[in-house]
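J.: Next comes the sequence, and after it the predicted model I'd like to discuss.
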Amino acid sequence: MTEQPQDLATRFEPKELAVIGADPQVFAAKFNPSGKLLAAGGFDGRVRLWDLATEAPQELPALTAHDGWVQALAFSRDGQRLYTADSWGKLCAWDANDGKPELAWSLNEAHDGWLRDLDVNADGTRIVTCGRDQVVRIWAAVDGAPLLELQGHKTDVYSVRFHPEKQLIASGDDRGIVKLWGATDGQLVREFDASLLYLEHRLQDVGGVRTLAIDRAGKRLAVGGTIPKNGATVQGTPSVLLFNFETAELTHTLNFGASTHCFVHEIILHDEGFVMAVTSGTPGQGQVIFQLPDEETPFYTTTKLLNCHSINLHGPTGRIAIVTTNRGSNGNGRRLAENGEYEGNNSPIHLLQFAEAASS
């Protein structure tokens, strides 16, 4: 029997545990598999680390091998490796060493320019990356040796994901095209049409695939972004498209909020069947949303967090990390502070926990 939304709301309404202040801003906070370490990519090129095993989160020494904004990172399933990538195209591998990572290897030019996303396969032997150079690349996890180069996208590739069981890779670009590739032979298997998420408006390319997720069973592909209304200061409805993985059929279109809420930035497909997503919009809007695909409205939503850019779930503990930006954040035009310094943005990281896990 399918669980009702009200029952899910009782079990999975998140309670706030702590707020970590990260200044300058960070992106894409991830738990390690034990849940005792949190890593986030820094605007300043550092990989920031927090020890979560203590009563209150304690920041650890940062990792400092990068040259640009670290916007992509992932742990291997066994927790032995952390992989990070930056806006200059550098890829790094770190031996975790019980919370004290050391650099194992690095590639200065893994991509030509912004390395936008990366993922690690189930057995930890391969890494997949993508970037603004329109290429998807597969690397040997042990030493960073190049294995395959997939050239089929004609525009920036924003997101890549390994299938949880099969030797397959999904990659999505800024025109709303998702390609499925063989992870060992690089052959194109099929395409998913997510062009609802793209608009050409006054010579501006708007939207595209911003994030991908595949459920644990490997039966459902989620594609996130916006259904664009216009360019310039982008307006559009933050949306998640759900596809049957085997047939590439679009089965559900989930729309979250008004056109000012703009983009879905990250998605989790929970084992209980619901979609978890975060959005950010203009000016300073953000949403956290949990929704069953067959329901018209979310069973949980909040707009209390501003500009939500990533969400990560540690399944065993039910803990969630959501990276946001500060109230009044701005990309340019901010006045100088009284001391003459330019005040950049910071990133409150909200640590939450499902009500069910908190009460157990």
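T.: Right, received. Where do you want to start? Fair warning: this is a prediction, and the values are worked out from it, not measured in the lab. Numbers count the residues shown, from 1 in each chain.

J.: buried sites along the helix of greatest length in the chain?
T.: Taking DSSP state H as the criterion, the chain has its longest helix at helix 5-12. Burial within helix 5-12, assessed by neighbour count using 16 or more other Cβ atoms under 10 Å, is assigned to P5, L8, R11, F12. All C-beta spots, glycine's among them, are computed from the backbone N, C-alpha and C.

J.: Likewise for stretch 302-314?
T.: L305, L306, N307, C308, H309, S310, I311, N312, L313, H314.

J.: swap in stretch 264-276?
T.: V264, H265, E266, I267, I268, L269, H270, F274, V275, M276.

J.: which element is the spatially most central residue of the chain on?
T.: The chain has E266 as the residue nearest its centroid, 4.4 Å off, counting by Cα atoms, centre = their mean. Per DSSP states H and E, E266 falls inside strand 263-269.

J.: Just the CA atoms of that strand, as CSV, please.
T.: C-alpha atoms of strand 263-269 as CSV (Å, rounded to 0.1, in the frame of the first residue of the first chain):
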residue,chain,number,x,y,z
PHE,A,263,16.1,27.0,-10.9
VAL,A,264,16.1,23.5,-9.3
HIS,A,265,19.8,23.1,-8.3
GLU,A,266,19.9,19.6,-6.9
ILE,A,267,17.7,16.6,-6.6
ILE,A,268,17.6,13.5,-4.4
LEU,A,269,15.3,10.5,-5.3
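
J.: for the protein, what spans make up the helices?
T.: 5-12, 355-359.

J.: so which of those gets nearest K229?
T.: Among those, the nearest to K229 by Cβ to Cβ is helix 5-12 (28.6 Å).

J.: about what we covered before: now the buried residues of helix 5-12 in TSV, please, with extra columns for distance to G131 and pLDDT.
T.: Formatted as TSV, these follow (distance: Cβ to Cβ, whole Å; pLDDT from 0 to 100):
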residue	distance to G131	pLDDT
P5	39	82
L8	37	93
R11	39	94
F12	35	95
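
J.: out of those, which one sits closest to L199?
T.: Nearest to L199, judged by Cβ to Cβ, of the buried residues of helix 5-12 is P5 at 31.9 Å.

J.: what sits against the residue lying closest to that closest one once chain neighbours are set aside?
T.: Excluding the flanking residues, the one nearest P5 by Cβ to Cβ, 6 or more residues apart in numbering is F299, at 3.8 Å. Neighbour list for F299: P5, Q6, L8, A9, F12, F274, F290, Q291, L292 [criterion: Cβ atoms under 8 Å, 6 or more residues apart in numbering].

J.: Closest one of those to N121?
T.: Nearest to N121 among these, with distances taken as Cβ to Cβ, is F274, at 25.5 Å.

J.: now that closest one: how far from L305?
T.: Per Cβ to Cβ, to the nearest Å, F274 is found 19 Å from L305.

J.: Same check on V240?
T.: Note on V240: its distance to L305, by Cβ to Cβ, is 18 Å.

J.: for the stretch 201-350 of the chain, which spans come out with low pLDDT?
T.: 330-334 (pLDDT under 70).

J.: before we move on, back to that, in this structure the residue nearest to the centre of the chain contacts G224, no?
T.: Yes: at 7.1 Å, E266 counts as touching G224 under the criterion of Cβ atoms under 8 Å.

J.: what's the overlap in contacts for the two?
T.: T211, A277.

J.: Can I get the buried residues of helix 5-12 in a markdown table including distance to E356?
T.: Listed next are the buried residues of helix 5-12 as a markdown table, based on distance: Cβ to Cβ, whole Å:
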| residue | distance to E356 |
| --- | --- |
| P5 | 15 |
| L8 | 10 |
| R11 | 4 |
| F12 | 6 |
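
J.: Give me the distance between the two termini of stretch 174-194.
T.: With Cα to Cα, to the nearest Å applied, stretch 174-194 spans 10 Å between its terminal residues.

J.: average pLDDT for that stretch?
T.: Regarding stretch 174-194, the rounded mean pLDDT is 97.

J.: just to revisit the earlier point, any chance of JSON lines for the contacts of F299, columns distance to V323?
T.: Converted to JSON lines, the contacts of F299 look like this (distance: Cβ to Cβ, whole Å):
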{"residue": "P5", "distance to V323": "27"}
{"residue": "Q6", "distance to V323": "29"}
{"residue": "L8", "distance to V323": "24"}
{"residue": "A9", "distance to V323": "24"}
{"residue": "F12", "distance to V323": "20"}
{"residue": "F274", "distance to V323": "21"}
{"residue": "F290", "distance to V323": "18"}
{"residue": "Q291", "distance to V323": "21"}
{"residue": "L292", "distance to V323": "25"}
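
J.: G68: which of these is nearest?
T.: F290 (33.4 Å).
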